[in-house]
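A.B. asks: what would the 3D arrangement of this be:
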Amino acid sequence: MAVGSDEEEQIEAVKNWLDQNGTSLAITILIAVGGVFGYQMWDKSTREYAESASAVYQELREAVEVSPTGTLALGGGLNDEQRATARYLAGQLKSEYEDTTYAVFASLHLARNAADDRDWDAARSELTWALDRAEGGIKLIARLRLARVMLQQDEADAALKLLYGVEAGSLLSSVEEVRGDILAKLGRSDDARAAYQRAVETQVEGVQKPFLKMKLDDLAPVTDAVAETADQEAS
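C.D. replies: Predicted coordinates:
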């Protein structure tokens, strides 16, 4: 089929454009193709990284299991071998997979063990590490536990400040209970009682907190009749 002059001009224009831009076009194509393969490699590497962290964390969970049903030991339920293994695996997660949630969980585990040993400095260090890296609800849990540790270290004012302005969400009852503990430690009985009352009123349905009710009862206001009886007994 004969090619018309218009088509010849178009073909020639394409040839000229390729002569002038062929190198840049090839580079663009190579960059695009490289980007696709680069993303695929990055995605694969990211998935493998997460899977490796998950595997180490699973080993940690298995190391602290105390029954075939998968029940986890809490603090003192671990023997020396379990503790040593857990410390090693948790340390591996924190050093090699620092930017994962698994590392945060590992730090929370170490903090719990330290608290069980009443090593408040170690517990505080682990919880601070976790708080700096956690997100969402896990961050709030780390904050609450850190506040409790600070309370044990007689830093009630700092512990109370740590809870200012937190978005509690479904953990509101726990936040108010910890706040009540701190206020009671500071001798602010009325404020503590109000915090405990809010904690009772915002409990998640089905969750029982018997100690919370005891704390609230212990701070119940003394009635006039009880006060009068106490005065009579004292006299």
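
A.B. asks: show me the shaky parts of the chain.
C.D. replies: 1-45, 65-77, 206, 222-235 (pLDDT under 70).

A.B. asks: what about residue 53, how many residues nearby?
C.D. replies: 21 (other Cβ atoms under 10 Å). C-beta: built from backbone N, CA, C; applies to glycine.

A.B. asks: hmm, it is touching residue 100, no?
C.D. replies: Yes - counting by Cβ atoms under 8 Å, residue 100 is a contact partner of residue 53 at 4.5 Å.

A.B. asks: intersection of neighbour lists for the two?
C.D. replies: Contact criterion Cβ atoms under 8 Å, 6 or more residues apart in numbering; residues shared by residue 53 and residue 100: residue 93.

A.B. asks: now residue 214: how far from residue 172?
C.D. replies: Using Cβ to Cβ, to the nearest Å, we find residue 214 at a distance of 20 Å from residue 172.

A.B. asks: neighbour-wise, which of those two wins?
C.D. replies: More crowded of residue 214 and residue 172, by other Cβ under 10 Å: residue 172, with 17 against 11.

A.B. asks: helix or strand: which one has that one?
C.D. replies: helix 172-185 (DSSP states H and E).

A.B. asks: next secondary structure after that helix?
C.D. replies: Once helix 172-185 ends, the next helix or strand along the chain (criterion: DSSP H and E) is helix 189-201.

A.B. asks: quick one: that next one to helix 172-185, angle?
C.D. replies: Orientation check (axes from the mean of the first three to the mean of the last three Cα atoms, to 10 degrees): helix 189-201 against helix 172-185 gives 160 degrees.

A.B. asks: list the buried residues in helix 189-201.
C.D. replies: 191-196, 198-200 (16 or more other Cβ atoms under 10 Å).

A.B. asks: what is the burial count for residue 158?
C.D. replies: Neighbour tally, residue 158, other Cβ under 10 Å: 14.

A.B. asks: hang on, the earlier thing: kindly export the helix holding residue 172 (C-alpha atoms) in PDB.
C.D. replies: Below are the C-alpha coordinates for helix 172-185, written out as PDB (Å, rounded to 0.1, in the frame of the first residue of the first chain):
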ATOM      1  CA  LEU A 172     -11.700   5.500  80.200                       C
ATOM      2  CA  SER A 173     -12.500   3.300  83.200                       C
ATOM      3  CA  SER A 174      -8.900   2.300  83.600                       C
ATOM      4  CA  VAL A 175      -7.700   5.800  83.100                       C
ATOM      5  CA  GLU A 176     -10.000   7.100  85.800                       C
ATOM      6  CA  GLU A 177      -9.000   4.300  88.200                       C
ATOM      7  CA  VAL A 178      -5.300   5.100  87.800                       C
ATOM      8  CA  ARG A 179      -6.200   8.800  88.200                       C
ATOM      9  CA  GLY A 180      -8.100   7.900  91.400                       C
ATOM     10  CA  ASP A 181      -5.100   6.000  92.800                       C
ATOM     11  CA  ILE A 182      -2.800   9.000  92.200                       C
ATOM     12  CA  LEU A 183      -5.200  11.500  93.700                       C
ATOM     13  CA  ALA A 184      -5.700   9.200  96.800                       C
ATOM     14  CA  LYS A 185      -1.900   9.100  97.100                       C
END
